[in-house]
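*Asks:* this one's sequence-less:
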């Protein structure tokens with residue numbers, strides 16, 4: 001091995017690849033600093049974003065080159081090798097690496113650019129004695145709550161929702177949303193504000209807000225407000241009531257009770273209302289929420305071999321429940337988002353119910369037979385055959401297939417040809433002996449309910465056909481802390497996600513979870529995402545534990561390895577230097593100086609190191625294992641005379657005259 005090759009090998013062995021997770025703020029700046037200790041300014045610096053160059057300095061006396069969209073918003077510090085990126089955006093997310101003096105990827109960084117945390121808003125869901133507080137925010141924000149007692153510092157509790165009781169010890173509450181580089185807090189909400197009356201109105205309807213104060217005589221003054229704006233005001237008993245803003249013409253005030261009635265409600269009327277009676281400020285407060293009617297739900301289903309899971313359509317602010325009926329009995333109601341039904345269960349009819357505070361709607365009744373009609377899957381562009389389950393001893397006389405209420409194929413008599421209808425013509429065939437129907441060139445437009453009538457028996461069998469595309473090829477993304485990473489898998493909503501986890505030499509274990517947590521000290525070393533559809537599945541590229549955490553640590557016995565290698569390297573270097581100077585001395589004894597011009601080729605041992613190299617060296621760094629051309633007395637002039645031999649001999653024909661030194665050597 002050559003002296004230069006040994007140095008490069010030792011460098012590679014000693015480099016500790018360590019990936020730092022860095023966070024930047026949208027529109028801000030970040031500085032990435034190499035962790036390598038430099039005693040002098042580096043000769044060459046190269047920063048990369050993935051495989052693309054960001055900034056490069058080839059020589060101390062040359063200016064820095066900047067590349068791509070990093071031009072004009074990036075600066076490189078020549079002394080420390082630090083890279084500063086300005087005007088950050090999410091497009092700057094990714095893996096950055098730096099090469100100092102030709103050492104490949106001395107340091108690696110994973111940059112994540114985040115927006116500022118959002119200003120949270122608190123919503124509430126109240127019962128008679130307690131309220132559950134919820135906080136708005138995006139999925140990548142951490143939620144916590146600040147709870148305050150009178151005169152005390154707030155206590156922080158990291159929970160997504162907070163339960164508050166009316167007679168609790170805490171009197172003020174605040175929601176906090178946090179991101180790695182910022183956080184925001186909501187307005188403070190007092191216990192009194194939390195337990196103000198919650199009122200619901202229906203879009204287009206009316207509502208009456210009545211003060212809870214007990215009045216023995218009609219009040220002298222009444223003032224209703226919506227937030228800080230006036231709604232209705234009565235200054236004196238003998239003066240008429242004044243109405244304000246868009247409440248004019250659709251609001252009435254009862255002079256005796258102080259009640260306020262608002263007509264033709266809309267979502268624009270949502271908000272906090274307060275009333276002042278006889279000058280008492282905010283005697284009562286009300287939060288008004290105007291809701292549309294509940295929507296009419298529809299039931300969808302997902303099958304296994306012996307059971308079916310029913311799901312109900314609806315908006316996020318509607319409560320879901322299920323009505324289950326036995327023959328001749330009143331329905332039983334169960335408040336669950338999805339309902340599992342077994343084929344031989346005691347309930348025979350099912351209905352979904354969607355509720356809002358002032359209304360509810362129910363779906364059509366679905367029977368057990370309809371629920372367990374055969375579920376069939378076809379692939380886009382492929383074909384499917386639907387076969388009647390009825391046992392036939394002889395070919396049927398009449399066959400009729402329907403798609404919903406529309407005819408697909410019909411055979412009226414054994415001696416007549418089959419008729420095909422609509423867009424099924426030209427891509428459908430009917431088997432006269434079995435009654436089977438085959439549909440070709442499937443598309444999502446063929447989705448739906450199919451039924452067959454054999455010999456006039458209505459709907460002997462029913463099938464629900466779903467046509468699916470192939471599963472997509474997944475890609476893995478990750479979100480990491482110091483000791484763990486959460487892996488996410490790309491894919492569409494109708495694809496099932498699972499993860500294949502592999503140990504060395506073992507078969508993979510499959511875990512059906514949408515996201516996977518991986519720990520740095522995991523016993524699993526390889527991971528793969530799997531996206532499945534009923535007729536196909538696809539897997540991602542395998543990701544190793546090392547790739548996930550982006551670091552390649554030296555083994556635990558690295559001290560022992562270095563202790564063995566260093567003496568060997570020292571011996572090899574000494575042998576190489578001794579051999580080189582011994583050969584040089586013999587060639588240039590005083591008696592041989594006049595023998596003419598000599599071209600020097602020096603070989604050390606059997607390594608094949610030749611001092612004559614190609615003088616035109618291109619690329620980002622000296623290839624591993626090759627020695628750079630040695631400088632001649634610190635000069636870059638290839639034609640400079642040797643102090644003993646005079647002008648050098650002509651270089652070999654395959655060499656270039658442009659010499660670029662590699663300072664890393």
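*Replies:* Okay, I see it. Every value quoted in this text rests on a predicted model; they were computed, and no experiment measured them.

*Asks:* List the beta-bridge partners for the spatially most central residue of the chain.
*Replies:* Of all residues in the chain, the one closest to the mean position by Cα atoms, centre = their mean is residue 488, 6.0 Å from it. Residue 488 has these beta-bridge partners by DSSP bridges: residue 477, residue 515.

*Asks:* Residue 129 - nearest residue in space that isn't next to it in sequence?
*Replies:* In space, and not counting its chain neighbours, residue 129 is closest to residue 166: 5.6 Å by Cβ to Cβ, 6 or more residues apart in numbering. (C-beta placed from N, C-alpha, C; glycine too.)

*Asks:* now do residue 29
*Replies:* Leaving aside its sequence neighbours, residue 29 sits nearest to residue 86 (Cβ to Cβ, 6+ apart; 4.5 Å).

*Asks:* Also residue 265?
*Replies:* Nearest non-adjacent residue to residue 265 (Cβ to Cβ, 6+ apart): residue 201, at 4.4 Å.

*Asks:* partners of the helix or strand harbouring the one you found in the sheet?
*Replies:* Per DSSP states H and E, residue 201 falls inside strand 197-202. For strand 197-202, the paired strands and their directions (DSSP bridges) are strand 280-291 (parallel).

*Asks:* check contacts around the residue nearest to residue 129.
*Replies:* Counting by Cβ atoms under 8 Å, 6 or more residues apart in numbering, residue 166 makes contact with 129-130, 191, 195.

*Asks:* Check residue 221 too.
*Replies:* 234-236, 276-279.

*Asks:* mind listing which of those residues are in strands?
*Replies:* Using DSSP state E, the members of these that fall in strands are 234, 276-277.

*Asks:* Closest to residue 157 out of these?
*Replies:* Residue 157 lies nearest to residue 276 out of the ones in strands among the contacts of residue 221, by Cβ to Cβ, at 35.3 Å.

*Asks:* which non-adjacent residue is nearest that closest one?
*Replies:* Residue 276 sits nearest to residue 223 (Cβ to Cβ, 6+ apart), 4.4 Å away.

*Asks:* chain center to the helix or strand that contains the one you found: distance?
*Replies:* Element membership for residue 223 (DSSP H and E) is strand 222-226. From the chain centre to the centre of strand 222-226 is a distance of 47 Å (Cα atoms, centre = their mean, to the nearest Å).

*Asks:* and that strand, which strands flank it?
*Replies:* In the sheet, strand 222-226 lines up with strand 229-234 (antiparallel), strand 271-277 (antiparallel) (DSSP bridges).

*Asks:* picking that back up, so the residue nearest to the centre of the chain is in contact with residue 474, correct?
*Replies:* No. Using Cβ atoms under 8 Å, residue 488 makes no contact with residue 474, being 9.8 Å away.

*Asks:* still on that earlier bit, quick one: the contacts of residue 166 as CSV, columns for distance to residue 387, pLDDT and neighbour count too.
*Replies:* Output for the contacts of residue 166, formatted as CSV (distance: Cβ to Cβ, whole Å; pLDDT from 0 to 100; neighbours: other Cβ atoms under 10 Å):
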residue, distance to residue 387, pLDDT, neighbour count
129, 60, 71, 9
130, 58, 80, 15
191, 67, 83, 17
195, 63, 76, 19
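
*Asks:* mind giving me the domain ranges of the protein?
*Replies:* 17-114, 122-193, 196-291, 299-370, 373-468, 476-549 (automatic domain parsing).

*Asks:* for those, which one sits closest to residue 567?
*Replies:* domain 17-114 (22.8 Å).

*Asks:* roughly how far is the closest one from the heart of the chain?
*Replies:* Relative to its parent chain, domain 17-114 has a centroid offset of 26 Å by Cα atoms, centre = their mean.

*Asks:* Let's test this: mean pLDDT of that domain, rounded?
*Replies:* On average, the pLDDT along domain 17-114 is 87.

*Asks:* What distance separates the opening and closing residues of stretch 426-442?
*Replies:* 12 Å (Cα to Cα, to the nearest Å).

*Asks:* Kindly report the same for stretch 298-310.
*Replies:* Taking Cα to Cα, stretch 298-310 runs 10 Å from one end to the other.

*Asks:* same check, this time on stretch 172-188
*Replies:* Termini of stretch 172-188 sit 6 Å apart (Cα to Cα).

*Asks:* and what of stretch 121-134?
*Replies:* OK, stretch 121-134 end separation, Cα to Cα: 8 Å.

*Asks:* Return the distance of that stretch from the chain's centre.
*Replies:* How far stretch 121-134 lies from its chain's middle: 30 Å, per Cα atoms, centre = their mean.

*Asks:* What residues of that stretch count as buried?
*Replies:* 122, 124, 126, 131, 133-134 (16 or more other Cβ atoms under 10 Å).

*Asks:* got it, and stretch 208-215?
*Replies:* Going by neighbour count (16+ other Cβ under 10 Å), the buried part of stretch 208-215 is 209-211.

*Asks:* picking that back up, the residue nearest to residue 265 and residue 249, how far apart?
*Replies:* 17 Å (Cβ to Cβ, to the nearest Å).

*Asks:* For the two, indicate the residue with more neighbours.
*Replies:* Using other Cβ atoms under 10 Å as the criterion, residue 201 and residue 249 rank with residue 201 on top: 23 against 8.

*Asks:* Under a three-state scheme, what state does residue 570 occupy?
*Replies:* Three-state assignment for residue 570 (DSSP: H, G, I helix; E, B strand; the rest coil): helix.

*Asks:* which regions of the stretch 251-400 of the chain lie under the pLDDT threshold?
*Replies:* Within the stretch 251-400 of the chain, the stretches with pLDDT under 70 are 281-284, 303-306.

*Asks:* hang on, the earlier thing: could I have the buried ones of the contacts of residue 221 as PyMOL selection syntax?
*Replies:* Buried members of the contacts of residue 221, defined by 16+ other Cβ under 10 Å, are picked up in PyMOL with:
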select buried, resi 234+276+277
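
*Asks:* Does the residue nearest to residue 276 touch residue 230 like I think?
*Replies:* Yes. Look at residue 223 against residue 230 with Cβ under 8 Å: they come within range, at 6.9 Å.

*Asks:* Which of these two has more residues huddled nearby?
*Replies:* Neighbour count, other Cβ under 10 Å: between residue 223 and residue 230, residue 223 has more, with 21 against 14.

*Asks:* Can you give the contact residues for stretch 326-340?
*Replies:* By Cβ under 8 Å, 6+ apart, stretch 326-340 touches 307-312, 319-325, 346-348, 350-351, 353.

*Asks:* please redo it, this time with the cut-off set to 10 Å
*Replies:* For stretch 326-340, the external contacting residues (Cβ atoms under 10 Å, 6 or more residues apart in numbering) are 299-302, 304, 307-312, 314, 319-325, 345-353, 355, 362, 365.
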